[in-house]
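Novice: The amino acid sequence is not available; the structure is as follows:
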């Protein structure tokens, strides 16, 4: 059964007429606020707190633990600290682009969640070109990075922006090609269709039914997608646009105060969007036993987030030329091979 | 590629065993090696004012003032400037200056770290660790005590 998009679910709950365009518009805004709040809460938990705790666990340290239970109140402290800082505007910045860049970075990642089915009817819209839409809005973030880097009037930021373009060009293609192999299996771009296609049982071993998640059906594509996703969200070992030890802090060097918060938040929302795409097209979306769908969905997203932190602690950063080599000569070739293999399997066997 | 997988396995192993190398400092104090070099402790009873420590100090951390009879008046040591090379302790013929395991010293300004004779005498031991005991093998040659042959250099 296809889950109803969130505005219609809300209309049913409140006993309103969902066919009225005015009601639908208001409920759409409410639904967007609900989904935005869920994702921003997760990003707020991940950015100042979970990231420190996870990295500390990987490096045998104790992280934040002074403020509140397990240091959770560090989120409040960090928020107050960052927001109370002075907003410094350097000389000679290209003001419109410089002001817009944090907004573009933060909002592009949030836009993607509009079509992600999160289970329990939390699904804002379900267009037929869902997957294409997600990939399209996720890559707007690189436009924000370039805007930030170019407008900052700072050669380190400019370098960071250029590296962001190089990286996003190199890794977007393998990412989408791997996504296309999933579309070949599912036969649809619609997010709910892809989730539904994964609901069948793949094999049944000793009474345990393994669902046909594409991570099990095509593990090769899953690994490729996870690697390309790391590069796409700019995390280690592919955090070349920031590269704190090489180019200061890349595109965000000149940003302070609330603008910095927006960029930082945008990065984390972007990681969660990457996780949401992985969860939807490879891990069966909100499917899972016992617990409600939204819980399973968040668990899967956090699993991907943990993976990015794991890679961050374990793998050293690659050089810019190595990054380009891996992207164009490694991942792209493997992604094409995977696509052809999938096409052959889908066309000949299935 | 194998190396990447190995490093990921290693980090995950460390994350899962739950051990930490860091401690929550004020509640649990860290274990310090007996050979760790912390703040100096000075003994006026032992000191013969030979000024060897002042001479051997590589960055003029120790400053000794004597009167014209060569009786000691002041013994100043800037613990903030010291590089903890332990040369002063090694050169002292009478164990008058010792580097304790104590690292717990704070100050509001850099000048507060210029310790005089009284402050150096009152530096506490850290966790009853006897620094002399742990460094005995090194010291036997210098002070001619201990089990073995006396070495007069």
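Specialist: Okay, I see it. Just so it is clear, the model here is predicted, and its values are computed rather than measured.
Novice: which of the residues in the strand or helix carrying residue A:31 are buried?
Specialist: In this structure, residue A:31 sits in helix A:21-45 according to DSSP states H and E. Judged by neighbour count (16 or more other CB atoms under 10 Å in any protein chain shown), helix A:21-45 contains these buried residues: A:23-24, A:27-28, A:31-32, A:35-36, A:38-40, A:42-44. For glycine as for every other residue, the C-beta is placed from the backbone atoms N, C-alpha and C.
Novice: As a markdown table, these with pLDDT and distance to chain B would be great.
Specialist: Below are the buried residues of helix A:21-45 laid out as a markdown table (pLDDT from 0 to 100; distance: CB to the nearest CB, whole Å):
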| residue | pLDDT | distance to chain B |
| --- | --- | --- |
| A:23 | 79 | 49 |
| A:24 | 79 | 47 |
| A:27 | 82 | 43 |
| A:28 | 82 | 42 |
| A:31 | 83 | 37 |
| A:32 | 86 | 36 |
| A:35 | 86 | 31 |
| A:36 | 87 | 32 |
| A:38 | 87 | 27 |
| A:39 | 86 | 26 |
| A:40 | 86 | 27 |
| A:42 | 88 | 21 |
| A:43 | 86 | 22 |
| A:44 | 85 | 23 |
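Novice: For residue B:107, which non-adjacent residue is closest in space?
Specialist: Leaving aside its sequence neighbours, residue B:107 sits nearest to residue B:113 (CB to CB, 6 or more residues apart in numbering or on different chains; 5.3 Å).
Novice: so what does whichever strand or helix holds residue A:224 touch, helix or strand wise?
Specialist: When elements are assigned from DSSP H and E, residue A:224 belongs to helix A:219-232. Helix A:219-232 sits against helix A:155-186, helix A:214-217, helix A:257-282, helix A:293-314, helix A:332-344, with contacts defined as 3 or more CB pairs under 8 Å, 6 or more residues apart in numbering or on different chains; DSSP states H and E.
Novice: Quick check: end-to-end length of stretch B:113-131?
Specialist: End-to-end distance for stretch B:113-131, by CA to CA, to the nearest Å: 22 Å.
Novice: Helices of the stretch 1-150 of chain A, residue ranges please.
Specialist: Remark: helices assigned in the stretch 1-150 of chain A by DSSP state H, counting those that start in this stretch are A:6-14, A:21-45, A:51-58, A:74-83, A:95-112, A:130-138, A:140-151.
Novice: what's the spacing between the spatially closest residue to residue A:214 that is not a sequence neighbour and residue A:178?
Specialist: Spatial nearest neighbour of residue A:214, chain neighbours left out: residue A:282 (4.8 Å); criterion: CB to CB, 6+ apart. Distance, residue A:282 to residue A:178, using CB to CB, to the nearest Å: 9 Å.
Novice: Residue B:44 - that's part of a strand, no?
Specialist: No. Read with DSSP: H, G, I helix; E, B strand; the rest coil, residue B:44 is coil and lies in no strand.
Novice: Quick check: pLDDT value at residue A:233.
Specialist: If you check residue A:233, the pLDDT there is 80.
Novice: so what's it up against?
Specialist: Applying CB atoms under 8 Å, 6 or more residues apart in numbering or on different chains to residue A:233 gives the contacts A:267, A:270, A:271, A:273, A:274, A:308.
Novice: From residue A:219, how far out is the spatially closest residue to the second one that is not a sequence neighbour?
Specialist: Excluding the flanking residues, the one nearest residue A:270 by CB to CB, 6+ apart is residue A:109, at 4.1 Å. Distance of residue A:109 to residue A:219, given as CB to CB: 27 Å.
Novice: More neighbours: the two, which one.
Specialist: Comparing residue A:109 with residue A:219 by other CB atoms under 10 Å in any protein chain shown, the one with more neighbours is residue A:109, at 28 against 11.
Novice: correct me, but that one touches residue A:275?
Specialist: No. Taking contacts as CB atoms under 8 Å, residue A:109 lies outside contact range of residue A:275: 11.1 Å.
Novice: In space, what's closest to residue B:78 - neighbours in sequence excluded?
Specialist: Residue B:78 sits nearest to residue B:114 (CB to CB, 6+ apart), 4.7 Å away.
Novice: thinking again about what came up before, please name the residues that touch the residue nearest to residue A:270.
Specialist: A:137, A:138, A:141, A:266, A:269, A:270, A:272, A:273.
Novice: Likewise for residue A:5?
Specialist: By CB under 8 Å, 6+ apart, the contact set of residue A:5 is A:31, A:123, A:124, A:125, A:126.
Novice: and the gap between the last one and residue A:20?
Specialist: Okay, so that is residue A:126. As judged by CB to CB, residue A:126 and residue A:20 stand 20 Å apart.
Novice: and these two? which has more neighbours close in?
Specialist: residue A:126 (18 against 12).
Novice: so the more buried one sits right up against residue A:117, yeah?
Specialist: Yes. With contact defined as CB under 8 Å, residue A:126 counts as touching residue A:117 (7.4 Å).
Novice: what do these two both touch?
Specialist: Counting by CB under 8 Å, 6+ apart, the shared contacts of residue A:126 and residue A:117 are A:191, A:192.
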